[in-house]
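> My questions concern the predicted model and sequence given below.
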Amino acid sequence: MDKRIIASIIVILMLAGAIFLIKASAAKTGNTIKEISSKEVKEFTIKAFQYGYSPDSIAINKGDKVRIKIDNTDVPHGIRIPDLNLKGNDIIEFTADKAGEFTWYCTNYCGEEHMAMKGKIVIK
């Protein structure tokens, strides 16, 4: 066999072994990497439709790590929170570092009542 092929096989086996050890270590503690990250992030799913959101208000605490999933049910909408400098059509992720009440707006023109389409995020 060519020395390069043998070296490649050895590298692949070493990587596979490292991955196995990481997963085994996580399983031993009862936590997987996914479980740890999901406990750290507060996740919300907001349904966006012409011309509203459901829910149209969410409350979180300052310091929370937040993931907002936007479920566009008819046409593309999205969420823009100008005071927090946030914008997204599908997902918005951020750490709430500023307390207050902040209005969100639709990011994409969606019809005649687009300008009235809004929601609120309260950070305590």
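Sure thing, it's come through.

> Need phi/psi at the nearest residue to K124 once chain neighbours are set aside.
The spatially closest residue to K124, leaving aside those adjacent along the chain, is N61, at 5.3 Å (C-beta to C-beta, 6 or more residues apart in numbering). For the C-beta atoms, the positions are set from N, CA and C on the backbone; glycine is no exception. Main-chain dihedrals, N61, degrees, to the nearest 10: phi -100, psi 150.

> Then P82?
With angles defined as degrees, to the nearest 10, P82 sits at phi -60, psi -40.

> For the residue lying closest to it once chain neighbours are set aside, give the beta-bridge partners.
Once flanking residues are discounted, P82 sits nearest to Y105: 7.5 Å by C-beta to C-beta, 6+ apart. Going by DSSP bridges, Y105 is paired in beta bridges with R80, K118.

> isn't Y105 right next to R80, touching?
Yes. Between Y105 and R80 there is a contact under C-beta atoms under 8 Å: 5.0 Å.

> State the distance from the residue nearest to K124 to E113.
Remark: distance between N61 and E113 (C-beta to C-beta, to the nearest Å) = 32 Å.

> next one: phi and psi at H114?
Here the main-chain torsion angles of H114 (degrees, to the nearest 10) amount to phi -50, psi -40.

> which residues touch it?
For H114, the contact set (C-beta atoms under 8 Å, 6 or more residues apart in numbering) comprises 51, 106.

> Lovely, talk soon.
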